[in-house]
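Engineer: sequence first, predicted coordinates after that:
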Amino acid sequence: MNLTGKERSAYVQNLFTRIAGKYDLMNRLMTMGQDIRWRDEVIRLAGLGAESSLLDLGAGTGDLARTAQKFCPAGKIVAADFTYEMMRTGRLASDGFGWANADALAVPFADESFSAVVSGYLMRNVIDRDLALREQLRVLMPGGRIVILDTTRPKKNLFSPFIWIHLHIIIPLLGTLLSGHSDAYTYLPDSTEQFLSGEELLAKMDAAGFRKTGFKRFMFGTMAIHWGEK
Ligand SMILES: C[S@@+](CC[C@H](N)C(=O)[O-])C[C@H]1O[C@@H](n2cnc3c(N)ncnc32)[C@H](O)[C@@H]1O
């Protein structure tokens, strides 16, 4: 899949529209249930207080927003995405936080609106990562936190052959069996391998203007959580 620009954006939107109904189940299976722990960690790193406001950008079905609600029931939480069908699926399983139709490249909120902006598996999909980071910085209040959960390009290690089998055989097979959309689950491994390394994403966060940035890898180096502050 070598699409770029608006064509890639439209492809991503169409892909998530088609797999929306099976997305959460696939996530649990692909990560062997581990993503629940990682999402807790994202929200912990967002440093929410009782009155915090949080934007879950590229929220999909709203899993991170739902986790934030668990930690901060009185907070102002907004789940935002540009694929209606993902949000529609998520809304059936949640209430108590807001939903917004939003493009991560032109976030429809005023400057300094949120004390935290989090995202799960968004940055891999956006066509302009620098702009997406600048938009997140813009809507953050001074001192506010950004936390990004995403796949990361793994370094070669002892587990590399197993990682390759997981990405290129197990995930597409599971995806095809469960969703019937084999292309969607070849896009996901491909976009993982083409995504930035942990260090490259960190450098982009620094260049966008975030301070106190850092990241950690897990799941044999295939996932990472990045954080920073405005
Ligand atoms: C892999 S899903 C992640 C969903 C959810 N955040 C999670 O943690 O499971 C990626 C989501 O990003 C959304 N997305 C991709 N590009 C976007 C953009 N430019 N603006 C808003 N949402 C976008 C897709 O519609 C999709 O719902």
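Structural biologist: Great, that's in hand. Residues are numbered from 1 along each chain as shown.
Engineer: in the protein, which spans are strands?
Structural biologist: Taking DSSP state E as the test, the strands found in the chain are 53-57, 76-81, 98-101, 114-120, 140-151, 211-218, 223-229.
Engineer: got a markdown table for those, with mean neighbour count and distance to the ligand too?
Structural biologist: All C-beta spots, glycine's among them, are computed from the backbone N, C-alpha and C. As requested, the strands of the chain are arranged in a markdown table below (neighbours: other CB atoms under 10 Å; distance: least, CB to the nearest ligand atom, whole Å):
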| stretch | mean neighbour count | distance to the ligand |
| --- | --- | --- |
| strand 53-57 | 28 | 7 |
| strand 76-81 | 24 | 5 |
| strand 98-101 | 14 | 9 |
| strand 114-120 | 27 | 2 |
| strand 140-151 | 20 | 7 |
| strand 211-218 | 13 | 15 |
| strand 223-229 | 22 | 11 |
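Engineer: as a markdown table, the ones you listed with distance to residue 70 would be great.
Structural biologist: A markdown table is the format used below for those (distance: least, CB to CB, whole Å):
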| stretch | distance to residue 70 |
| --- | --- |
| strand 53-57 | 12 |
| strand 76-81 | 10 |
| strand 98-101 | 16 |
| strand 114-120 | 13 |
| strand 140-151 | 16 |
| strand 211-218 | 21 |
| strand 223-229 | 18 |
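Engineer: for these, give me JSON lines that also has mean pLDDT and distance to residue 20.
Structural biologist: Converted to JSON lines, these look like this (pLDDT from 0 to 100; distance: least, CB to CB, whole Å):
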{"stretch": "strand 53-57", "mean pLDDT": "97", "distance to residue 20": "16"}
{"stretch": "strand 76-81", "mean pLDDT": "96", "distance to residue 20": "10"}
{"stretch": "strand 98-101", "mean pLDDT": "95", "distance to residue 20": "14"}
{"stretch": "strand 114-120", "mean pLDDT": "98", "distance to residue 20": "15"}
{"stretch": "strand 140-151", "mean pLDDT": "97", "distance to residue 20": "19"}
{"stretch": "strand 211-218", "mean pLDDT": "96", "distance to residue 20": "26"}
{"stretch": "strand 223-229", "mean pLDDT": "97", "distance to residue 20": "22"}
